[in-house]
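In: please find the sequence and the predicted model below.
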Amino acid sequence: MRSGNTSDAQATTIAPWLAVQGGARAVAFYAEAFGAVEIYHVESPDGAVVSRLSVQGAEFWLSDESPEHGNPSPLRLGASPVRIILTVADPDAMYARAVAAGARVVSPIAGEHGWRSGRLRDPFGHDWEIGRPIRE
């Protein structure tokens, strides 16, 4: 087993990669809904995109779905088995911003289980928990 404490080693990270229908529209939605900034972009001749996005330093990837390569979108499947948790300082404001951008409310913002959070479904079928721990 290798130690991750070497100074010249790449930092270990984990980031979701979302398959969507309409990659360019998804990039625009996440920019409007969450303030996402695109830090990598490649586009194929047919318009399909691969994009790396950052929301206040929290990164995720997205690309147009490619079922032929085993990457269907939640819209194609009718559901997604994964929820994305976006922890932010002001979940109420981020939640409202996402709803105004077109996200659908699944569970309203509330305080329970030590968190202030709510659940949204974006127009591409992905579920997002927007929240933060409640400080006592």
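Out: Yep, it's here.
In: buried ones in the strand or helix carrying Arg25, by neighbour count?
Out: Arg25 is part of helix 23-34 when elements are defined by DSSP states H and E. Neighbour-count burial for helix 23-34 flags Gly23, Ala26, Val27, Phe29, Tyr30, Ala33, Phe34 (criterion: 16 or more other CB atoms under 10 Å). In this view, the C-beta of every residue, glycine as well, is placed from N, C-alpha and C.
In: quick check: closest non-adjacent residue to Lys97.
Out: I think there's a mix-up here, since residue 97 is Arg and not Lys. Ala33 (6.1 Å; CB to CB, 6 or more residues apart in numbering).
In: parallel or antiparallel, which strands does the helix or strand harbouring Glu129 pair with?
Out: Assigned by DSSP H and E, Glu129 belongs to strand 127-133. When pairing is defined by DSSP bridges, strand 127-133 lines up against strand 83-87 (parallel), strand 115-121 (antiparallel).
In: same question for the shortest one, mean pLDDT?
Out: Averaged across strand 83-87, pLDDT comes to 96.
In: which parts of this structure are helices?
Out: Along the chain, counting by DSSP state H, helices occupy 23-34, 74-77, 91-101.
In: now those helices in TSV, with distance to Asp122?
Out: Listed next are the helices of the chain as TSV, based on distance: least, CB to CB, whole Å:
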stretch	distance to Asp122
helix 23-34	7
helix 74-77	9
helix 91-101	7
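In: give the contact list for the closest residue to Gly125 other than its chain neighbours.
Out: Nearest residue to Gly125 in three dimensions, chain neighbours excluded: Pro74, at 3.0 Å (CB to CB, 6+ apart). Applying CB atoms under 8 Å, 6 or more residues apart in numbering, we find Pro74 in contact with Ala19, Ser80, Phe124, Gly125, His126.
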